[in-house]
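# Following is a predicted model, sequence given first.
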Amino acid sequence: MSPLQVSLAHVALVEDEALFRDLLCHALERTGQVRVIGSYGSAGEARSGQGMTQADVVLLDIDLGGEDGVTLGRQLRARHPALGIVLLSNHAHLAFARELIAADLTGWAYLLKKSVRDVQTILRAIEGVRRGQVVLDPLLAQGEPGGGRFRHLTARQTELWSLITQGYSNAAIAGHLGLSPKWIDNAVGGLYAALELGTHDPQTNARVSAALLYAREAGDAYLTVLDDPRE
C-alpha cells in the first residue's frame, strides 16, 4: 500500500515525556508531510505557546503529569475553533474520551501511544481531524462495537465501518481491500443506510456520524483492549 499523502500539516505536540515527544517530533518531520511548529512539555506551556495559534492540529498526551489532556484539548479548541485534536494515551479505553463523545464533538482522534510507531496511523489521524472527522485507534475499532445492536450488519459492512472509523477514505479502503472504488462507494452507501444515517442533509457528514456512532457504541460497552502478556 502506498503511503498516505496529505497536504503539509502544521502540528503542535504536548507531551510531558521528553524522549517520547522528541522521537515523535522527528518521526513526523521525516515524513515530509508534517511541520512541527510547537513542542511543549506541559499544559501551561501549551496554553501560552505561540505556535498553537498557527497549528492545524495538536497532538496531546491524555495524562499531562496529572493534568487532563481532554480538558486542555477543549480549552484549545475554544480558542482556536478549527484546531484538530489528536489524543495520545496508554489506556485502551474510550471512557477517557467520553466527554468528547457525549458532546458529539468532531475533529478529534484517540490513538494509543504504541500505535504511533506506525506513522501511517498517525498521518491518517492528523488528516482526518483536519477535515473535522472522528478517528479511533485501530485497536479500538475492531469488529462490531457495543452489545450486538448492529448484528444485522454483514461482515463486510462491519469491516467498512471499522475502516471508516480508523480514518480511511473510500479510496484508501479500496486500496486496502483490493476492491474497485466504485464498489466501495456503493458499499459505503449501503452501510450508511444499514446504520440509518442520513446522507441527504448537506449539513450532516455521514462519515463523521458513522465514526461518532461507532465511538458511542464502543464507549457504552466500556471497550477495553488488554495488552498481550507476551509482548
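Nice, thanks for sending it over. These numbers were taken from a predicted model, which means no experiment stands behind them.
# which residues of this protein score low on pLDDT?
In the predicted model of the chain, residues 1-6, 146-147, 220-231 satisfy pLDDT under 70.
# Tell me, domain by domain, which residues of the chain belong where.
What automatic domain parsing lists as the domains of the chain is 6-140, 141-226.
# how about those in TSV, adding mean neighbour count?
For every residue, glycine as well, the C-beta is placed using N, CA and C. Below are the domains of the chain laid out as TSV (neighbours: other CB atoms under 10 Å):
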stretch	mean neighbour count
domain 6-140	19
domain 141-226	16
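# now the closest residue to A125 other than its chain neighbours, what's its secondary structure?
For A125, ignoring the flanking residues on the chain, the nearest one in space by CB to CB, 6 or more residues apart in numbering is A109 at 3.9 Å. Recorded secondary structure, A109: strand (DSSP: H, G, I helix; E, B strand; the rest coil).
# Could you name the helices and strands sitting against whichever helix or strand H26 is part of?
Under the criterion of DSSP states H and E, H26 resides in helix 18-30. Counting contacts by 3 or more CB pairs under 8 Å, 6 or more residues apart in numbering; DSSP states H and E, helix 18-30 packs against strand 9-14, strand 34-40, helix 119-130.
# which residues does E159 contact?
L177 (CB atoms under 8 Å, 6 or more residues apart in numbering).
# right, and the helix or strand after the strand or helix carrying it?
E159 is part of helix 155-165, with elements assigned from DSSP H and E. Using DSSP H and E, the helix or strand that follows helix 155-165 in sequence is helix 170-177.
# Now do that next one and helix 119-130, the angle between them.
Interaxial angle, helix 170-177 versus helix 119-130 (axes from the mean of the first three to the mean of the last three CA atoms, to 10 degrees): 160 degrees.
# Contacts for helix 170-177, please.
Contacts for helix 170-177 (CB under 8 Å, 6+ apart): 1-2, 4, 124, 159-160, 163-164, 168, 179-181, 183-185, 188.
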